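Chemist: kindly return the folded structure for what I paste below:
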Amino acid sequence: MSGVLIIEQSVLLDERGFFKETFQTNRYHDVGITLPFVQDNYSRSQKGVLRGLHLQKLHPQGKLISCSAGSIYDVVVDIDPKSKTFGDYVGVELSEQNHLQLWIPPGYAHGFCVLSESADLYYKCTDFYFPNDESGLIWNDPDVSIDWPIKSPRLSEKDKLLPSLSEIKNKSKV
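Modeler: Numbering: from 1, shown residues only. Next up is the predicted model:
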């Protein structure tokens, strides 16, 4: 999908532990991430929790996602009915062991499920959070067929009510 990047960070390991630079403007500009970041978020979730798939409609956020403790399966879905990749998704495991980051350009739906006992996520956003601007995509939409590594996730009531891909497509025709 256009603009979605899985980023391998440079990690210096030795017997004391590790060091990594989680963000450096010039390095990220070199791979095409040029939007300014305006907000950082930190979350912790328990095993079996699935959050998402979320987005903001009028204030879309680009997100640079890292998993600093535990492991997650992170998913990005193209929900733009005008896009040639509408309904396609990218899924990747992010963990404290693999040190991968995921760049999600503005406009994509994003969600993740927790694979470890708990997981801590740190992510940078290119726009502010506006609660009244939230939307998303239902996690188990059969038209997308995400191969989630968990089958019965713990969901918020809000996430249980997110629209399907066909509902999103039908709304765009109005």
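Chemist: what residues does the lengthiest helix in the chain touch?
Modeler: If you go by DSSP state H, the chain has its longest helix at helix 165-172. Residues outside helix 165-172 that contact it (Cβ atoms under 8 Å, 6 or more residues apart in numbering): 79, 81, 82, 86, 87, 137, 141, 143, 144, 163. C-beta: built from backbone N, CA, C; applies to glycine.
Chemist: do you know the pLDDT at the residue nearest the centre of the chain?
Modeler: For the chain, the residue nearest the mean C-alpha position is residue 110 (3.9 Å; Cα atoms, centre = their mean). In this prediction, residue 110 carries a pLDDT score of 97.
Chemist: list the contacts for the residue lying closest to residue 83 once chain neighbours are set aside?
Modeler: Using Cβ to Cβ, 6 or more residues apart in numbering and skipping residues adjacent in sequence, the residue nearest residue 83 is residue 2, 7.7 Å away. Counting by Cβ under 8 Å, 6+ apart, residue 2 touches 83, 85, 105.
Chemist: do you know how far residue 2 is from residue 78?
Modeler: Counting by Cβ to Cβ, to the nearest Å, the gap from residue 2 to residue 78 is 8 Å.
Chemist: what is in contact with these two at once?
Modeler: residue 85.
Chemist: on that earlier part again, most surrounded residue in the contacts of residue 2?
Modeler: Counting neighbours by other Cβ atoms under 10 Å, the top entry in these is residue 105, with 19 neighbours.
Chemist: that concludes my questions; thank you for your assistance.
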